[in-house]
Structures are given as C-alpha cells and as structure tokens.
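Colleague: Got a predicted structure plus its sequence, pasted below:
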Amino acid sequence: MKKLKEEEKIQKALNHFERIPAEFKTIETVSHMIRYMKRGEAQTLEEALYFWEMDENNHSTNK
C-alpha cells in the first residue's frame, strides 16, 4: 500500500512535467528527480530539481 501511494505521488508529479524548465527535460535529470522523490528527499518537482542542481554544482566543483 505504501509503495502504491509513493508511485501515485510520483505519477502525479510527472503529470505536471510542463513545470520543469525545458533545459532540464532530459532522461538523466528526470531519473535523478524521480530518485529523490522515491527516497522521500523531495516532495515536489521543484524540490527534486533543486536537489539535482545542488548535486550537479557539488559534482562540478569537486572535479
């Protein structure tokens, strides 16, 4: 039941895919955003995008 609710939450968020800026509509970005939501780190697409941007910034500064 919990897994079904999580999947419904993710699907609902993906139904609002148009809220994601065009430059972030890539398979890689969306898969990361889904992962953040599945792990409960992000509750909305905006939060997931924020976490992805933070990870990308941290990753690029650590190179």
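Modeller: That came through fine.
Colleague: Lowest mean pLDDT among the helices and strands of this structure, which one is it?
Modeller: helix 2-14 (a mean of 76; mean pLDDT, DSSP states H and E).
Colleague: Kindly format the C-alpha coordinates of stretch 20-38 as CSV.
Modeller: These are the backbone C-alpha positions of stretch 20-38, laid out as CSV (Å, rounded to 0.1, in the frame of the first residue of the first chain):
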residue,chain,number,x,y,z
ILE,A,20,10.1,21.7,-15.4
PRO,A,21,12.2,24.2,-17.4
ALA,A,22,13.0,22.8,-20.9
GLU,A,23,16.7,22.6,-20.3
PHE,A,24,16.1,20.1,-17.5
LYS,A,25,13.8,17.8,-19.5
THR,A,26,16.4,15.1,-20.0
ILE,A,27,16.2,11.4,-19.1
GLU,A,28,19.2,11.8,-16.8
THR,A,29,17.7,14.8,-14.9
VAL,A,30,14.2,13.3,-14.6
SER,A,31,15.6,9.9,-13.4
HIS,A,32,17.5,11.8,-10.7
MET,A,33,14.4,13.7,-9.8
ILE,A,34,12.4,10.5,-9.5
ARG,A,35,15.0,9.0,-7.3
TYR,A,36,14.9,12.0,-4.9
MET,A,37,11.2,11.7,-4.7
LYS,A,38,11.2,7.9,-4.2
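Colleague: Can you give the distance of it from its chain's centre?
Modeller: Remark: stretch 20-38 is offset 5 Å from the chain centroid, using CA atoms, centre = their mean, to the nearest Å.
Colleague: now what about that stretch, what contacts it?
Modeller: 6, 9-10, 13-14, 17, 42-43, 45, 47-49, 51-52, 55 (CB atoms under 8 Å, 6 or more residues apart in numbering). For the C-beta atoms, the positions are set from N, CA and C on the backbone; glycine is no exception.
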